[in-house]
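# A structural model of the following input is requested.
(one chain, ligands or ions: 1)
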Amino acid sequence: MNEKETFRMKTKPPLVPLGTLIRRELRHGNVEKPTVNHGQAALAKKGEDYFLIKPDCQRIPGNPSTSFSVFAIFDGHNGISAAIFAKENLLNNILSAIPQGCGREEWLQALPRALVAGFVKTDIEFQQKGETSGTTVTFVVIDGWTITVASVGDSRCILDTQAGVVSLLTVDHRLEENVEERERVTASGGEVGRLNIFGGDGVKKSIFKFYVCRKEGCKSYVLAAVGPLRCWPGGLCLSRSIGDTDVGEFIVPIPHVKQVKLSNSGGRLIIASDGIWDALSSDVAAQSCRGLPAELAAKLVVKEALRSRGLKDDTTCLVVDIIPLGYPVLPPTPRKKQNLLTSLILGKKFQNSINKAPNKLSAVGVVEELFEEGSAMLAERLGKDLALNSNSGMFRCAVCQADHDDVSGTPSSHSQPWEGPMLCSKCRRKKDAMEGKRST
Ligand SMILES: [Zn+2]
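Model prediction:
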């Protein structure tokens with residue numbers, strides 16, 4: 001009997017029938033906060049994966065009813081210092097960008113913008129250390145039934161809903177797979193290409209292959225560059241990260257952000273580094289651990305990845321279950337009611353959507369999309385509001401949160417007119433550099 005079967009034998013039936021939950025939800029909306037359970041498993045090859053688990057954060061310190069949870073994965077490259085720095089500083093940098101004293105709905109609406117500011121601030125601070133490593137970040141905030149995910153790089157977060165539908169909450173920032181990012185990097189002054197021996201760069205020498213020409217009758221050899229697309233200078237195959245000071249400012253720390261609201265049948269998140277996703281598809285990862293508690297599920301996903309591909313890379317997996325109150329684990333999906341349980345991702349614009357979330361649309365398995373934005377332009381991510389610090393009477397930089405009395409900032413000579421909120425001169429220089437308008 002394997003682990004899965006043993007667990008199922010031991011599992012007691014849920015305390016509240018799922019049908020009761022659905023009726024309760026239709027009647028009252030998502031009133032009761034779910035239980036959040038998590039599990040973690042990892043196998044190290046290079047020792048560059050780090051993770052953060054903070055199940056007990058509070059919006060208002062000392063008030064347990066304002067609790068939220070944070071889960072994150074940092075997959076470092078070219079050293080571990082960027083991954084460690086992000087693990088230690090990112091959460092505080094994000095929280096400091098959320099206006100003080102706002103209520104829950106306002107806080108959730110401010111979160112996507114604060115995530116952008118926090119990622120950029122952390123990158124600027126790390127650059128000042130003069131170290132060259134970099135890291136992916138996938139950062140997940142869970143508040144009640146609302147999940148907000150911000151990511152740079154290729155550590156994915158997937159959502160497995162109770163309707164058995166698996167969706168990706170992140171975007172892969174891999175040059176090989178992301179044509180928009182290739183165009184952005186090129187437009188900002190980077191070069192995108194595969195490794196080859198003609199580059200003259202020491203790094204480019206080694207990976208190279210000859211192929212027999214495929215044209216009929218032709219016996220000649222064709223020289224081909226191999227490996228994934230990378231950006232030059234630097235040779236990084238990611239287009240976004242925190243750190244990578246030596247690569248070029250076109251590798252930006254601006255995260256893709258997605259915010260969704262689950263129905264009160266709950267769901268499961270699997271957050272993992274590319275050691276998992278290079279071995280398993282989202283569907284296979286989700287299916288391999290369905291019905292098991294989070295701790296066991298994380299172990300099984302890592303085991304499954306290892307079985308399929310061997311240990312080729314650091315492999316880290318967090319499983320987070322958002323479970324209706326009264327259930328020990330995620331309730332099983334009743335098969336006979338499939339038509340009722342059809343999962344929908346309801347595309348919805350950001351503005352006021354949290355306040356106006358229509359309860360009548362809630363049903364088991366339905367995921368409501370509240371916000372999604374992936375632009376690498378700060379002007380499109382920070383909004384236009386000037387933040388006035390009521391204590392000092394000064395304006396606050398939308399990225400680093402430092403107070404200034406100079407509302408316009410100090411524009412560099414090459415920059416375009418800036419339509420966004422106040423940025424201090426340091427953060428404005430960073431913005432221009434990321435857009436290829438100047439080098440730092
Ligand atoms: Zn600033």
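
# contacts and neighbour counts: CA atoms only from here.
Fine.

# residue ranges of the strands in the stretch 251-400 of the chain, please?
Secondary structure of the stretch 251-400 of the chain (DSSP state E, counting those that start in this stretch): strands located at 256-262, 267-272, 315-323, 345-346, 367-373, 387-388, 395-396.

# next one: the stretch 1-150 of the chain
35-43, 49-58, 67-77, 134-143, 146-152.

# the second one packs against which elements?
The one in question is strand 49-58. Here strand 49-58 touches strand 67-77, helix 81-95, going by 3 or more CA pairs under 8 Å, 6 or more residues apart in numbering; DSSP states H and E.

# nearest to the ion, of those?
helix 81-95 (11.9 Å; CA to the ion).

# show me the contacts for the closest residue to residue 295 other than its chain neighbours.
Distances taken as CA to CA, 6 or more residues apart in numbering put residue 39 closest to residue 295, at 3.6 Å, once the chain neighbours are dropped. The neighbours of residue 39, taking CA atoms under 8 Å, 6 or more residues apart in numbering as the test, are 294-298, 318-320.

# please redo it, this time with the cut-off set to 6 Å
When contacts are counted by CA atoms under 6 Å, 6 or more residues apart in numbering, residue 39 is found next to 294-295, 298, 318-319.

# same deal with residue 102?
Counted by CA under 6 Å, 6+ apart, residue 102 has zero contacts.

# and if we set it to 10 Å?
Shown in contact with residue 102 (CA atoms under 10 Å, 6 or more residues apart in numbering): 59-60, 108, 110.

# what's the ChimeraX line that selects buried ones from these?
Selection command for ChimeraX covering only the buried members of those, criterion 16 or more other CA atoms under 10 Å:
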select :59,108
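
# now the contacts of residue 102 as a markdown table including distance to residue 252 and pLDDT?
A markdown table is the format used below for the contacts of residue 102 (distance: CA to CA, whole Å; pLDDT from 0 to 100):
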| residue | distance to residue 252 | pLDDT |
| --- | --- | --- |
| 59 | 29 | 95 |
| 60 | 32 | 93 |
| 108 | 24 | 97 |
| 110 | 21 | 95 |
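
# closest to the ion among the contacts of residue 102?
Among the contacts of residue 102, and counting by CA to the ion, the member closest to the ion is residue 110, at 18.0 Å.

# residue 148 is in contact with the closest one, correct?
No. Under the criterion of CA atoms under 10 Å, residue 110 makes no contact with residue 148, lying 11.1 Å away.

# which neighbours do the two share?
Both residue 110 and residue 148 lack any common contact, where contact means CA under 10 Å, 6+ apart.

# excluding its backbone neighbours, what's nearest whatever residue of the stretch 51-200 of the chain ends up closest to the ion?
Nearest residue of the stretch 51-200 of the chain to the ion, counting by CA to the ion: residue 121, 7.7 Å away. Distance criterion CA to CA, 6+ apart; nearest residue to residue 121, sequence neighbours excluded, is residue 400 at 5.4 Å.

# spit out the contact partners of that neighbour.
Residues in contact with residue 400 (CA under 10 Å, 6+ apart) are 93-94, 96-97, 117-118, 120-122, 124-125, 423-424, 426-427.

# same thing with residue 252?
By CA under 10 Å, 6+ apart, the neighbours of residue 252 are 119-120, 123, 152-153, 185, 238-244, 376-377, 430-431, 433-435.

# how close does it sit to the ion?
Relative to the ion, residue 252 is positioned 16 Å away (CA to the ion, to the nearest Å).

# from the ion, how far out is the residue nearest to residue 121?
From residue 400 to the ion the distance is 4 Å (CA to the ion).

# now do that residue, the pLDDT please.
Looking at residue 400, its pLDDT stands at 94.

# residue 403 now?
At residue 403, pLDDT is 85.

# hang on, it packs against residue 424?
Yes. The criterion here is CA under 10 Å, and residue 403 meets it with residue 424 at 8.3 Å.

# quick check: neighbours shared by the two?
395-397.

# near the ion too, which of those?
Filtering the shared contacts of residue 403 and residue 424 for proximity to the ion by CA under 5 Å from the ion leaves residue 397.

# could you dump the shared contacts of residue 403 and residue 424 into JSON lines with pLDDT and neighbour count added?
Listed next are the shared contacts of residue 403 and residue 424 as JSON lines, based on pLDDT from 0 to 100; neighbours: other CA atoms under 10 Å:
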{"residue": "395", "pLDDT": "82", "neighbour count": "24"}
{"residue": "396", "pLDDT": "89", "neighbour count": "24"}
{"residue": "397", "pLDDT": "92", "neighbour count": "25"}
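
# for residue 306, see how far away residue 85 is.
28 Å (CA to CA, to the nearest Å).

# meant to ask about residue 158
From residue 158 to residue 306 the distance is 19 Å (CA to CA).

# follow-up on the earlier one: and the contacts of residue 39, which is closest to residue 50?
Residue 50 lies nearest to residue 318 out of those, by CA to CA, at 11.1 Å.

# would you enumerate the residues in contact with the closest residue to the closest one other than its chain neighbours?
Counting by CA to CA, 6+ apart, residue 318 lies nearest to residue 40, which is 4.5 Å off, once chain neighbours are set aside. The neighbours of residue 40, taking CA under 10 Å, 6+ apart as the test, are 51, 53, 270-272, 294-299, 302, 316-320.

# ok, now residue 251?
152-153, 173, 181, 184-185, 188, 190, 231, 236, 238-245, 376, 434-435.

# with residue 330 instead?
14, 35, 37, 161-162, 265-268, 290-294, 321-324.

# model confidence for it, exactly?
Predicted confidence (pLDDT) for residue 330: 88.

# so what does it have for phi and psi?
For residue 330, the backbone dihedrals (degrees, to the nearest 10) come out as phi -60, psi 130.

# picking up where we left off before, tell me the buried residues within the contacts of residue 330.
Looks like those have 35, 37, 161-162, 265-268, 290-294, 321-324 buried, using 16+ other CA under 10 Å.

# now stretch 153-161, how far from the chain's geometric center?
Put simply, stretch 153-161 sits 7 Å off its chain's centre (CA atoms, centre = their mean, to the nearest Å).

# circling back: any of the contacts of residue 252 buried? List them.
The buried subset of the contacts of residue 252 - by 16+ other CA under 10 Å - is 119-120, 123, 152-153, 185, 238-244, 376, 430-431, 433-435.

# flag every residue of this protein that's near the ion.
Residues of the chain lying near the ion (CA under 5 Å from the ion): 397, 400, 424, 427.

# alright, calling it a day.
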